[in-house]
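Asks: Let me see the structure of the following:
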Amino acid sequence: MTRFLILALSLNLFSGGQKEDFGYQLAEAAYKLTRQEVVYDPSYFNIDYPMGDVPANKGVCTDVVIRAYRSLGIDLQELVHQDMSANFPIYPKNWNLSKPDPNIDHRRVPNLMCFFNRFAESLPASKQSRDYRPGDIVCWNLGGGILHIGIVSAYFNSDHRPLIVHNIGAGQELEDMLFDYQIIGHYRYQPSA
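Replies: Here you go, the predicted structure:
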């Protein structure tokens, strides 16, 4: 973290001064993941359903999002699988599957983007730091057909640009990279009770 200055979230700036704000809770859940040692591993795993997870010391960018939501009692594995089972034709066909697979579907950025486009508040892919709140989900195009996803944290650099919790190959980390790649998705997702 020596590359940037971490500034704690001013609650009044983003969440109306309420620590109970869902976005803040999600951001904090994501930040806690950075304390765990995780090796980037995109392998296919057979996992339980629902509430299945790859081994705790492994993961990719989508696993950061899945684990942060799961720590708040929201199982994206189950939600994505249910929606894909009911609406399979509208989901991406990048993997030539003939039916949903609860082991991997929720771990693919295009599928999460489709799900969030359907059920989350979809926000502009702005170049303004102030448009990103703690707990927002951001998707990027890294080039070469590679997509990436992360969560806006409750921490900022010295220019008040929010830091991102993600796994881009070095494990689950907090990094100043919001505008490093082309933003192709910006979502705010809080399922109804």
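
Asks: okay, CA-based contacts and neighbour counts for the rest of this
Replies: OK.

Asks: next structured bit after the helix or strand harbouring residue 152?
Replies: Using DSSP states H and E, residue 152 maps to strand 146-156. Once the chain leaves strand 146-156, the next helix or strand it forms, by DSSP H and E, is strand 162-166.

Asks: and that next one, how far out from the chain's middle?
Replies: Relative to the centre of its chain, strand 162-166 is centred 10 Å away, using C-alpha atoms, centre = their mean, to the nearest Å.

Asks: now it: mean pLDDT?
Replies: Average pLDDT, strand 162-166: 98.

Asks: what ranges do the helices span in this protein?
Replies: 11-14, 22-33, 61-71, 76-87, 109-119 (DSSP state H).

Asks: Now the first one: average pLDDT?
Replies: When pLDDT is averaged along helix 11-14, the result is 41.

Asks: Please apply the same query to the fourth one.
Replies: Summarised as a single mean, pLDDT over helix 76-87 is 98.

Asks: what separates it from the chain centre, distance-wise?
Replies: On the basis of C-alpha atoms, centre = their mean, helix 76-87 is displaced by 17 Å from the centre of the chain it belongs to.

Asks: show me what contacts residue 142?
Replies: By C-alpha atoms under 8 Å, 6 or more residues apart in numbering, the contact set of residue 142 is 148, 181, 182.

Asks: just the buried members of those?
Replies: residue 148 (16 or more other C-alpha atoms under 10 Å).

Asks: Centre-most residue in the chain?
Replies: residue 65 (3.4 Å; C-alpha atoms, centre = their mean).

Asks: who's in contact with that one?
Replies: 30, 149, 150, 151.

Asks: quick revisit: residue 190 is nearest to which of the helices of the chain?
Replies: Closest approach to residue 190 among these (C-alpha to C-alpha): helix 22-33, 7.1 Å.

Asks: Report pLDDT for residue 4.
Replies: In this model, residue 4 carries a pLDDT of 46.

Asks: now do residue 61
Replies: For residue 61, the model assigns a pLDDT of 98.

Asks: burial measure for it, as a count.
Replies: 25 (other C-alpha atoms under 10 Å).

Asks: Can you verify my assumption that it contacts residue 164?
Replies: No. Here residue 61 does not reach residue 164: they are 11.3 Å apart, not a contact under C-alpha atoms under 8 Å.

Asks: got any residues that touch both of these two?
Replies: residue 150.

Asks: circling back to that earlier point, ok, which pair from the contacts of residue 65 is furthest apart?
Replies: 30 and 149 (12.4 Å).

Asks: Between the helices of the chain, which one is closest to residue 101.
Replies: With C-alpha to C-alpha as the yardstick, what comes closest out of the helices of the chain is helix 76-87 (7.4 Å).
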